[in-house]
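Below is the sequence, then the predicted model.
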Amino acid sequence: MTTVEFSPAAEPLAAKLLEPAREILARYPAGRERSALLPLLHLVQTEEGYVSPNGVAFCAEVLGINKAQVGAVATFYTMYKRRPTGEYLVSVCTNTLCNVLGGQEVYDQLVEHLGVGHDETTADGKITLEHAECLAACDYAPVVTVNYDFTVDQATPESAVELVENLRQGREHTPARGARICSLKEMQYQLAGFADPRDGAVADGVAGAPTLRGVRLAQEHGVAVAGFDPDTPITKTKPLPKDEVATKAEAAGVAANKPASDAKPAGDARPSGGEGAK
């Protein structure tokens, strides 16, 4: 990164963030520094809590691009906030599965309890509430995150209210999974690509019971993928001749359209004769 003479708008942030910004740019090959825009926007939010006009100017001047280019990215992704945000961002999934299992009721209860709507912040500056699309935890639906960390699994209106009250009163709240709850600004520093210092943040764990439920049901019913061995390494094979590919594709199409027998679980290969036959 060459020496930059910052504008009055960008100078205050440059005084605080230039060194970590240089670290971010150093991750990218020469001539590809523009790819650093995403983590730089998170870095700006560590200081101001959102992407301000000054933050846009700082990113543009660090990367040598114009503010319109920065603004286009900052307004596209929902994780870049365009107005001041609370210390804790509480996200309630209201997408299909979470909604069916009560996510909307959880969100509605928080709206009533906090007196704020989507993307609004409580008067004490503690909580910003949002309803979110899928948070990639459907097996724990409905789910609530705080600053993008999974915090309440299989949430109810009551457990969600308990969460926000603990946050507002400064009481410790043990998350369902992962490390202790941090502030949104601290999380932005991690999203910018810097190490997470919290205990348990990178601890090894095992999949929980809801995640493994499908596997357990398959085992109980004797359902398996025929011929599948997870310990067999994947090996490269030579491409088949075009005519053989067509023949195999045609055969696969016929097999896919053939009705399955109700007497045979999916993937359960049984011999057509002998001891296993009926």
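Here it is on my side, so go on.

What ranges does the chain have for its helices?
11-25, 37-48, 53-63, 67-74, 96-100, 103-114, 157-169, 184-191, 209-220, 242-257 (DSSP state H).

Same list as before, those that is, but in a markdown table and with mean neighbour count, distance to Y88 and mean pLDDT included.
All C-beta spots, glycine's among them, are computed from the backbone N, C-alpha and C. Shown next, in a markdown table, are these (neighbours: other Cβ atoms under 10 Å; distance: least, Cβ to Cβ, whole Å; pLDDT from 0 to 100):
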| stretch | mean neighbour count | distance to Y88 | mean pLDDT |
| --- | --- | --- | --- |
| helix 11-25 | 17 | 23 | 96 |
| helix 37-48 | 22 | 14 | 97 |
| helix 53-63 | 23 | 21 | 97 |
| helix 67-74 | 17 | 22 | 97 |
| helix 96-100 | 17 | 20 | 96 |
| helix 103-114 | 19 | 11 | 98 |
| helix 157-169 | 16 | 5 | 97 |
| helix 184-191 | 20 | 6 | 95 |
| helix 209-220 | 12 | 25 | 84 |
| helix 242-257 | 10 | 49 | 54 |
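
Tell me which of the ones you listed sits nearest to T151.
helix 157-169 (6.4 Å; Cβ to Cβ).

who does the closest one touch, helix- and strand-wise?
Packing partners of helix 157-169 (3 or more Cβ pairs under 8 Å, 6 or more residues apart in numbering; DSSP states H and E): strand 88-93, helix 103-114, strand 127-132, strand 144-146, strand 149-152.

Make TSV from the ones you listed and add distance to L163 to it.
Shown next, in TSV, are the helices and strands packed on helix 157-169 (distance: least, Cβ to Cβ, whole Å):
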stretch	distance to L163
strand 88-93	7
helix 103-114	9
strand 127-132	10
strand 144-146	7
strand 149-152	6
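
In terms of residue numbering, what are the domains of the chain?
The record's domain parsing of the chain by automatic domain parsing lists 11-74, 88-182.

May I see these arranged in CSV, with distance to V215 as well?
As requested, the domains of the chain are exported to CSV (distance: least, Cβ to Cβ, whole Å):
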stretch, distance to V215
domain 11-74, 35
domain 88-182, 11
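
Identify whichever of these lies nearest to R82.
Per Cβ to Cβ, nearest to R82 of the domains of the chain: domain 11-74, 6.0 Å.

Span of the closest one from start to end?
Length of domain 11-74, first residue to last, Cα to Cα, to the nearest Å: 20 Å.

ok, back up a step: of all the helices of the chain, which lies closest to L89?
helix 184-191 (5.1 Å).

what packs against that closest one?
helix 37-48.

and the helix it packs on with helix 53-63, angle?
Compare the direction of helix 37-48 with that of helix 53-63 by axes from the mean of the first three to the mean of the last three Cα atoms, to 10 degrees and you get 140 degrees.
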